[in-house]
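Asker: Below are the sequence and a predicted model for it; my questions follow.
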Amino acid sequence: MKTVTLYTDGACSGNPGPGGWGAILMYGEHRRELSGGERSTTNNRMELTAVIEGLRLLKEPCTVELWSDSRYVIDALDKGWARSWQKRGWVKSDKKPALNPDLWEQLLSLCDIHAVRCHWVRGHAENPFNNRCDELAVAESRKFR
């Protein structure tokens, strides 16, 4: 399988509020930036959407090195929380409903196709790809003000 790198970020002005997401997909010398937004959303929904949209672009099963500053996304995937929520009918271990089950369903389906390896990166730090994703996400969120 090909190995691709995916950087993602989400932004929201207010929570909920206008939001945006940004992603950078890289394979060899190829690099593609993508972004989008919604008028009324949450930061976590934008973080999830960025990953989903990046994975959707892949035309064949790949090993994906996913880099995100979202502990919500990285921990839920890496620690198996999202799969557990799914098995329990989108109920968390504390018996509260899991948020964003519609997006988690999509993301877990994509993770069944691709081998996703999760990496957390500190947001607003020295990583130029994470910073670029943040710029894309914020720019998209501003379109709805």
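Answerer: Good, I have the coordinates.

Asker: all contacts plus neighbour counts: C-alpha atoms, from now on.
Answerer: Will do.

Asker: can you tell me how far the spatially most central residue of the chain sits from N15?
Answerer: Per C-alpha atoms, centre = their mean, the C-alpha nearest to the average position across the chain is that of V51, at 3.1 Å. Taking C-alpha to C-alpha, to the nearest Å as the measure, V51 and N15 are separated by 19 Å.

Asker: Show me which positions of stretch 17-32 end up buried.
Answerer: 17-26 (16 or more other C-alpha atoms under 10 Å).

Asker: Adding distance to D112, write the residues you listed out as JSON lines.
Answerer: As requested, the buried residues of stretch 17-32 are exported to JSON lines (distance: C-alpha to C-alpha, whole Å):
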{"residue": "G17", "distance to D112": "31"}
{"residue": "P18", "distance to D112": "31"}
{"residue": "G19", "distance to D112": "27"}
{"residue": "G20", "distance to D112": "26"}
{"residue": "W21", "distance to D112": "23"}
{"residue": "G22", "distance to D112": "23"}
{"residue": "A23", "distance to D112": "20"}
{"residue": "I24", "distance to D112": "21"}
{"residue": "L25", "distance to D112": "19"}
{"residue": "M26", "distance to D112": "20"}
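
Asker: ok, which pair from the residues you listed is furthest apart?
Answerer: G17 and M26 (29.9 Å; C-alpha to C-alpha).

Asker: Torsion angles phi and psi at the residue of the chain positioned farthest from its centre?
Answerer: Farthest-out residue of the chain from its mean C-alpha position, per C-alpha atoms, centre = their mean: K95, at 24.7 Å. Listed backbone geometry of K95 is phi 70, psi 0, with angles given as degrees, to the nearest 10.
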